[in-house]
Structures are given as structure tokens and as C-alpha cells.
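3D, please:
(chains A and B)
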Number of protein chains: 2
Amino acid sequence: MSLVVLGTVALDNIKTSKGHHRALLGGSAAHFCMSARLFTKVHLVGIIGEDFPSKHLQFLRKKKIDVTSLITREGKSFQWHGEYKDNDLNTAITLTTEIGVLMNYRPQIAMHQRDYGNIFLANIDPDIQLQLLRLMKNPKLIGLDSMNLWIANKKKALRTLMKKINLFVLNDGESRQLTGETNLIKAAKALRKMGPQMIVIKKGEHGVLFYCDKFMFTFPAYPVEHVIDPTGAGDTFAGGLMGYLTKVKMINETSLRKAVIYATTLASFNVEGFGMAKTGPLTLPQVHARMKKLVKFIAP
Amino acid sequence: MSLVVLGTVALDNIKTSKGHHRALLGGSAAHFCMSARLFTKVHLVGIIGEDFPSKHLQFLRKKKIDVTSLITREGKSFQWHGEYKDNDLNTAITLTTEIGVLMNYRPQIAMHQRDYGNIFLANIDPDIQLQLLRLMKNPKLIGLDSMNLWIANKKKALRTLMKKINLFVLNDGESRQLTGETNLIKAAKALRKMGPQMIVIKKGEHGVLFYCDKFMFTFPAYPVEHVIDPTGAGDTFAGGLMGYLTKVKMINETSLRKAVIYATTLASFNVEGFGMAKTGPLTLPQVHARMKKLVKFIAP
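The predicted model follows:
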């Protein structure tokens, strides 16, 4: 089966104590692709500017990402300048954001891609996420990610969206912001009432909580000793989750647990390098080797 | 085998949005006993004042805690007044602390108890912890807990102590404070170099990381929806850990994983009620029932 992802394709400028890297390939959809590609064909829906480095586009193609619906417009690519402080690698400090071609973007998707059943709406303006959803003909499994900015400024669109999707992936801070509940189980239950059948609350280095009506589970993160750059960890996680579910074409407790273990493992690679330094070259056997270690770490 | 615990026996005054309770039985050693008693005979070493309610003492006796070395002195019992805010139930806000009889306390332990092999030095002044250790004749497994106050003010005594013990139980904030490392694996390794062979870093609602030279593991906490009062959760955890290890008389990866699962389960009961409202009446079958659920939650 095929998987469609809508989201940002960005140039990331990232500063940490380990270095300062400029114009890295980034964005929610790009990071998502880098892990989802290990399981299934991924069709990227997004926009870039004319300044977008051709090496990044070539890289996506080399990784077998279908960029048919990644359109290029006159103007500048979306850019993010962020910083992480050593004492809190969980929190990105946004220095500047340049919207560029994302301004007035309306998603375009090739006709033949509109029949694909599995869709992930990676982090981007919820109005844009809704627009893509209206173009899709046969959605079976729709996943959604968002961010604090949209929860604060586009709550109405986000709540409309939540009624249309199946799986909501968000972080603990966002779940608290959206529901007003500090306890994560209460937050998960409140989110469930807003629409999505499956709730995945990511807790960064503390792991993940999965909630649905019939069961709930929780895993710690893979313990990473040398965190270099956490940018895109959540998107990488979502890519592993949706990629695996698309591959196995089955949604049940077993496949969901396995999907979350894959997602957790993939996110741990992402944080070990700047941009896609680690996830770009990654192969499935490498993922399986670490997954085996993770399962050993966390088995009760 | 028998287990000796040294620590505070306190009167706790606790304020949360769920209520304000006064003169509850509390203290590090008392909470420790309440879970360790489920596995083994526990011998409590501590001090109380003449004002200590006889119902609390009767309660400890009824729970089969050996209070032979819990001495009573003229003066007031140690009192703690604390508060938890709904938006951060992980952090206790100390309103006041009344040292009372703890001032100038030197631990006294009955001669026949000095031969016991398993000892837990629950949170109390490290100088007092060292004094007890000097009285013990045949220590086999020595566990230690501490707190931010001693790390800040009695670091030298604490470091001396760390060279003499086997198992160090502390929370993530304390591990960072003591080592200067924000990454918990790095912190665990740094702590290992300071002496103790086994490091258990508690992360509150986020679970626990166990580290030793040969292996490492990590479990999430049992997801508790209705947190009432987290006071003593760490001591309850330590009691489960040491209690189980004392019962099975064996230290290996299997027994340590099981001990940490017991400890995690017991801590989850503690937070569901004020003081010992939940851990006091607890029986082992109830613990096993929840443990089964926990294992199901976290099994990869």
C-alpha cells in the first residue's frame, strides 16, 4: 500500500553546543519520509521555493521518495532557525521562521495519488491539512500531527480536523495545551472525545503513551547517550509508525505496539545526528538491530 | 533474610487541591516500611518525639514492622508541611520543616539487629546514615537514598557514603545535581564512578532507569489517572525494590528487573491516596494484580 504525507519541506538552520549547521534538509514531511521510506512507498505533498538546493531534491529522489506532488514556486523555501541549549535538549528555541512559499500555499496532489488510503498530515497549518483531506477520495487511515502554534491560533480548524482523522500524534505539552489536563491519561481520554480513535502522546526522552478505547500502552524512549540534534524526532517517529502500519495493512494491538516500537527506535537514530545525518543512510537491518536492544532494555 | 531501614518517621501535613491533611504518618523510613513489609521482616531505625500519636505507632506494629530501634525522645517529632500544585504533582513545595528530635539524633540499633545483612539508608542527614553504617557488623547489600538538600549542603559526607554502598536510588533532578550531567545515561555512568555498583534513577511519572556495569534497563511508570498525593512515592519504590531483593536473596538481572517492576507497581499505589491510605491496607495479591496490568502495558 502507499502512504501520502503532507507537511513542510524546509531549510533548517540549527545551533547547538555541538555546532551550527545551515540550510539542512528539514521540515515535518521530509523527516517523516526519511523513516516511512523504510517500510513503504511514500508520496510527498508539499512546496519548496526556487532557492531550494538541488542536492536536497536529489537526496529525496535517491531515497525513493515520490516527489511528484512536491511543487516548486517562485520565492524562498520555508526556513527555520532554531537553537537547543545543553540543559534542555527537549525544547527547541525558535530564533526565526521565514514562511516564504508556504504563504498562500494550497496543497496540490496528482490525480492518481488521490486514491491512496493512508495519509499523514504532518505539522503544517491545519487549514492546509483540511484542504488536502478534501482532495483525497478514499482515505482509510488518516494520521495527524500539529504544534503549539496551531493549538493557540487555529484551534477551530484543528478541532474540525480532529473529527475527520483516526490517529493523532502529539507531544505531552501539546496534549496538555489542547485539553487543559495535566495528567496524560486524562488528556488522552479528552482527546479521544474530540474525535480520533487512536491517541499517541510523545514524551520526548521519556517515551510514549498510546491510548484507544480498547487498550493502552506505554514505552520508554531508547536511551540515547549522545543527543546531537532532536529536530524532526517527532516526525521521524510518526514516519515509522505510519510506515509500518501501511506495510502490514493491519490495525490491531499487536501491530500498533510493534509500530510504536519501530517509531521509538527510529526517533532515537534521528537525535544522534544533525538533520538527516543518521536517518538518511539508515537501513532496516540497522533498525532491527537497535530494536532488539530496545526490546531487551524495556522488557519487564 | 531481614532488612534494616534507617530514615525519618514524620508527621506530614499535606495540602493539595484534593484536601489538606494534618499529622499523617510519614517520613522516608515509614513509607519504605509500608512496601518492604510485603516481602520481608523490616526493622525500623529512627526517632520520634513524645508527641507522636500512639495510633501511628500501633499502626506500624500492626503492620508487623519491628520498632525495637525506633526510639522516643523528649521533644517534638519531625514534621513536614508540604504542598502540591495541580499543574506539577511531581514537585513538592516545602512550606515548613520542624526538625524536632532529629536535631542531634544519633542512630541506635539493638545489638541483635547489627548482624542483619541488608540495609537501606532512606533519606536523612548523610552523617546519620554514616553513623548507622559504622554500627552494622555484616552488611551484604546496602542501599541509599538522599535528597537535594544534602547534595547541596553535605556533599562530602554523601560522597564518602557513596563509596560504601551498593545500590543508589535517587531521582533525575538529584542525579543531575550531583553529577552536572543532564543526560541520564551520562549521569548514571558518573554516579557509578563515585562508588555504587547499581544506580536506580527515578523519573517520577516517567518511570525509572537502572544502570550497572553489565546491563541497563528502563521502565515507564504505571499510568495513574488520579494522582492524589505523591509524598513518599520514592520511599515506597525503594521499599519494594529492597524488600523483594531481600526476599529472593539474589542479585542478578532477572531479580533486579522484577524488583524494579514491584517497586514501580507499589509507587503507583502510594500516589493514589494521602499518606499511607493506599499502601497501608495493601496486600501482595493486590500488588500482583496491578503488576500484571503494568507488565501488559509495557510489554513490547
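
need the longest strand for chain A.
strand A:88-98 (DSSP state E).

Against which helices or strands is whichever helix or strand comes after it packed?
As assigned by DSSP states H and E, the chain's next helix or strand after strand A:88-98 is strand A:118-121. Strand A:118-121 sits against strand A:2-6, helix A:126-135, strand A:141-144, helix A:233-248, with contacts defined as 3 or more Cβ pairs under 8 Å, 6 or more residues apart in numbering or on different chains; DSSP states H and E. Every C-beta, even on glycine, is put in place using the N, C-alpha and C of the backbone.

picking up where we left off before, from the contact counts, what lies against the longest strand of chain A?
Applying 3+ Cβ pairs under 8 Å, 6+ apart, one finds that strand A:88-98 contacts strand A:10-16, strand A:78-85.

Ok, which of the ones you listed comes nearest chain B?
Chain B lies closest to strand A:78-85 among these, at 9.5 Å (Cβ to the nearest Cβ).

nearest residue to the spatially most central residue of chain A other than its sequence neighbours?
The residue lying closest to the centre of chain A (Cα atoms, centre = their mean) is A:D235, at 2.2 Å. Of all residues not flanking A:D235 in the chain, A:H31 sits nearest, at 3.5 Å (Cβ to Cβ, 6 or more residues apart in numbering or on different chains).

Over to that neighbour. Which of the three states is it?
In terms of secondary structure, A:H31 is helix; the call rests on DSSP: H, G, I helix; E, B strand; the rest coil.

what about it, distance to chain B?
22 Å (Cβ to the nearest Cβ, to the nearest Å).

Contacts only, for that residue.
A:H31 is in contact with A:T231, A:G232, A:D235, A:T236, A:G239, A:N270, A:M276, A:T279, counting by Cβ atoms under 8 Å, 6 or more residues apart in numbering or on different chains.

what does the model give it for pLDDT?
pLDDT, A:H31: 98.

Which of the helices or strands spans A:H288?
helix A:284-298.

For that helix, the averaged confidence score.
96.

list the helices and strands it packs on?
Counting by 3+ Cβ pairs under 8 Å, 6+ apart, helix A:284-298 packs on helix A:253-270, strand B:216-219.

Look up how far A:W80 lies from the closest residue in space to A:T236 that isn't next to it in sequence.
Nearest non-adjacent residue to A:T236, counting by Cβ to Cβ, 6+ apart: A:N270, 4.0 Å away. According to Cβ to Cβ, to the nearest Å, A:N270 stands 16 Å off from A:W80.

Mind checking which of these two has more residues around it?
A:N270 (29 against 20; other Cβ atoms under 10 Å in any protein chain shown).

tell me the contacts of the more buried one?
Shown in contact with A:N270 (Cβ under 8 Å, 6+ apart): A:H31, A:M34, A:S35, A:P230, A:G232, A:A233, A:T236, A:M276, A:K278, A:T279.

pLDDT score assigned to the nearest residue to A:P196 once chain neighbours are set aside?
Leaving aside its chain neighbours, A:P196 sits nearest to A:F168 (4.0 Å; criterion: Cβ to Cβ, 6+ apart). With respect to pLDDT, A:F168 has a value of 98.

who does the strand or helix carrying A:F168 touch, helix- and strand-wise?
Applying DSSP H and E as the criterion places A:F168 in strand A:167-171. For strand A:167-171, the elements it packs on are strand A:141-144, strand A:198-202, helix A:233-248, judged by 3+ Cβ pairs under 8 Å, 6+ apart.

now those as TSV including mean pLDDT?
Below are these laid out as TSV (pLDDT from 0 to 100):
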stretch	mean pLDDT
strand A:141-144	98
strand A:198-202	97
helix A:233-248	98
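
What's the PyMOL syntax to select whichever of the contacts of A:H31 are buried?
Buried residues within those, as defined by 16 or more other Cβ atoms under 10 Å in any protein chain shown, are selected in PyMOL through the command that follows:
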select buried, chain A and resi 231+232+235+236+239+270+276+279
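
got the residues of chain A near chain B?
Counting by Cβ under 8 Å from any Cβ of the partner chain, the residues of chain A close to chain B are A:86-89, A:182-186, A:203, A:205-207, A:209, A:216-220, A:223-227, A:257, A:261, A:294-300.

Contacts only, for A:F274.
So, once contact is read as Cβ under 8 Å, 6+ apart, A:F274 ends up touching A:I14, A:K18, A:G19, A:H21, A:L24, A:I228, A:D229.

In JSON lines, list these along with pLDDT and neighbour count.
Formatted as JSON lines, the contacts of A:F274 follow (pLDDT from 0 to 100; neighbours: other Cβ atoms under 10 Å in any protein chain shown):
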{"residue": "A:I14", "pLDDT": "96", "neighbour count": "25"}
{"residue": "A:K18", "pLDDT": "87", "neighbour count": "15"}
{"residue": "A:G19", "pLDDT": "89", "neighbour count": "10"}
{"residue": "A:H21", "pLDDT": "96", "neighbour count": "17"}
{"residue": "A:L24", "pLDDT": "98", "neighbour count": "22"}
{"residue": "A:I228", "pLDDT": "93", "neighbour count": "21"}
{"residue": "A:D229", "pLDDT": "94", "neighbour count": "27"}
